[in-house]
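Engineer: Here is my input; please provide its structure:
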Amino acid sequence: MDPVTQWVLGASAALIVAKNRKKLKHAAFVGAAAGMAPDLDILLQSSQDPLFALELHRQFTHSLVFIPFGGLIVAAFFWLLFYRKQPFSPIFWYATAGYATHGLIDSCTSYGTQLFWPFTDYRVAWDLIGIIDFFVTIPLLIGIIFTCVTNTKTGVGAAVGFFMAYMGFGAVQHQRALETVEEQVIQGSFEVDRIKAMPTIGNLIVWRTLHEAGGRYYVNAVAVPIFGEPRVYPGPTVQKLNMERDFPEIKQDSVQFNDVNRFRWFTNNWLVVDPQHSDRIADLRYSAQVEGINPLWSIRLDPTKQHQHVKYLSGLSEGDRDIIPFDKIFDSSSD
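Structural biologist: Residues are numbered from 1 along each chain as shown. Model (predicted):
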């Protein structure tokens, strides 16, 4: 999630557990900082290995096991700097409550979070909300402000209740998107290996869906309105990455071949050759076009430098990709 949402969610959790109504502002302050603290793992980078940061981001700092330790670190920091005249225990609970929200809300997105590290490196991605969603952020922010001004928990309680209901709505919409693909797109015509449905930014109505069958990936956009029938906007199909076929010159004992496997783990194997750049392997999960293949993340291979790490490309790199608007997804004339 975005930092603002992490901030308000951490503050909300701390306010919920706070017992002293005279200390609600302190609880919100500590909880907000703790809610953002796990993302300090972005500082763990390597100038030689661009995939190192991908492996460590949303790893140990985001795991369930690390929550009490993360809460303790944040609490100790704030107690030593600001609250040494106050008991340590409530500061610890504010920090721990705020810290606990981070990995859980990140797991509700599509990026992937190692929630159960160190027992497994599986990347949990429940695909319930986008990485930015104002229907999560704004109600929580209003609830926090109301609670801190009035010194009552009514505001934050109502906001958290709305948040829980909204997450439930995301789960329902996610299931509807999956069922729409199964019923309207696949229709039993071939055996499908797996299906993924991902919400778009700030939107639980329009979903990007992927499914794999016969060594190919199928991309679609699915609109699941609250009222009315779901609609499918067909996208392209693309071959699943096959290193022997697509990059036969890359040796299996090379650094770059190993980097591809690391990128495969990061993307849960939703990998394809970038349609616009034959030397790049793209993450199919994210695109500038909901029902298209305009990858936002990719790695560039260089057969002449196989013993060097791949180059990681983030965003619409080098200005060579067009951002294609998806207005037509909301246009009924597209049916």
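Engineer: Parallel or antiparallel, which strands does the strand ranked longest in the chain pair with?
Structural biologist: If you go by DSSP state E, the chain has its longest strand at strand 203-213. Paired neighbours of strand 203-213 in the sheet (DSSP bridges): strand 194-200 (antiparallel), strand 216-223 (antiparallel).
Engineer: where do the helices sit along the stretch 101-250 of the chain?
Structural biologist: In the stretch 101-250 of the chain, the segments counted as helices under DSSP state H, counting those that start in this stretch are 134-150, 154-180, 243-246.
Engineer: can you redo the ones you listed as TSV with distance to Trp297 and mean pLDDT?
Structural biologist: C-betas here are computed from N, CA, C, even on glycine. TSV is the format used below for the helices of the stretch 101-250 of the chain (distance: least, CB to CB, whole Å; pLDDT from 0 to 100):
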stretch	distance to Trp297	mean pLDDT
helix 134-150	24	96
helix 154-180	22	97
helix 243-246	18	96
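Engineer: Please produce a markdown table containing the ones you listed, extended by distance to Asn20.
Structural biologist: Shown next, in a markdown table, are the helices of the stretch 101-250 of the chain (distance: least, CB to CB, whole Å):
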| stretch | distance to Asn20 |
| --- | --- |
| helix 134-150 | 13 |
| helix 154-180 | 15 |
| helix 243-246 | 59 |
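Engineer: mind giving me TSV with these and columns for distance to Ser254 and mean neighbour count?
Structural biologist: Output for the helices of the stretch 101-250 of the chain, formatted as TSV (distance: least, CB to CB, whole Å; neighbours: other CB atoms under 10 Å):
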stretch	distance to Ser254	mean neighbour count
helix 134-150	43	19
helix 154-180	38	17
helix 243-246	11	13
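Engineer: Quick one, which of these gets closest to Leu81.
Structural biologist: helix 134-150 (20.5 Å; CB to CB).
Engineer: which residues are in contact with that closest one?
Structural biologist: Here helix 134-150 makes contact (CB atoms under 8 Å, 6 or more residues apart in numbering) with 1-2, 4-5, 8-9, 11-12, 15, 24-25, 28, 129, 153-160, 162-163, 166, 202, 204.
Engineer: How about stretch 162-172?
Structural biologist: 9, 12, 108, 126, 128-129, 135-136, 139-140, 199, 204.
Engineer: hmm, 6 Å instead?
Structural biologist: With contacts defined as CB atoms under 6 Å, 6 or more residues apart in numbering, stretch 162-172 is touched by 128-129, 135, 139, 204.
Engineer: List just the nearest of these to Tyr94.
Structural biologist: Pro139 (20.9 Å).
Engineer: What residues of stretch 218-232 count as buried?
Structural biologist: Neighbour counts over stretch 218-232 (16 or more other CB atoms under 10 Å) mark 218-224, 230-232 as buried.
Engineer: Export those residues to JSON lines and append columns for distance to Leu296 and pLDDT.
Structural biologist: JSON lines is the format used below for those (distance: CB to CB, whole Å; pLDDT from 0 to 100):
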{"residue": "Tyr218", "distance to Leu296": "19", "pLDDT": "95"}
{"residue": "Val219", "distance to Leu296": "14", "pLDDT": "96"}
{"residue": "Asn220", "distance to Leu296": "18", "pLDDT": "95"}
{"residue": "Ala221", "distance to Leu296": "16", "pLDDT": "96"}
{"residue": "Val222", "distance to Leu296": "20", "pLDDT": "96"}
{"residue": "Ala223", "distance to Leu296": "21", "pLDDT": "96"}
{"residue": "Val224", "distance to Leu296": "23", "pLDDT": "96"}
{"residue": "Pro230", "distance to Leu296": "25", "pLDDT": "94"}
{"residue": "Arg231", "distance to Leu296": "24", "pLDDT": "94"}
{"residue": "Val232", "distance to Leu296": "23", "pLDDT": "94"}
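Engineer: how much space is there between Phe135 and Thr113?
Structural biologist: Per CB to CB, to the nearest Å, Phe135 is found 21 Å from Thr113.
Engineer: and the two most separated of the buried residues of stretch 218-232?
Structural biologist: Greatest spatial distance among the buried residues of stretch 218-232 (CB to CB): Tyr218 and Val224, at 17.8 Å.
Engineer: Need the pLDDT of the residue lying farthest from the centre of the chain.
Structural biologist: In the chain, the residue that sits farthest from the middle, by CA atoms, centre = their mean, is Lys85; the gap is 39.1 Å. The model reports Lys85 with a pLDDT of 89.
Engineer: Surely it is within a strand?
Structural biologist: No. Lys85: not assigned to a strand; according to DSSP: H, G, I helix; E, B strand; the rest coil it is coil.
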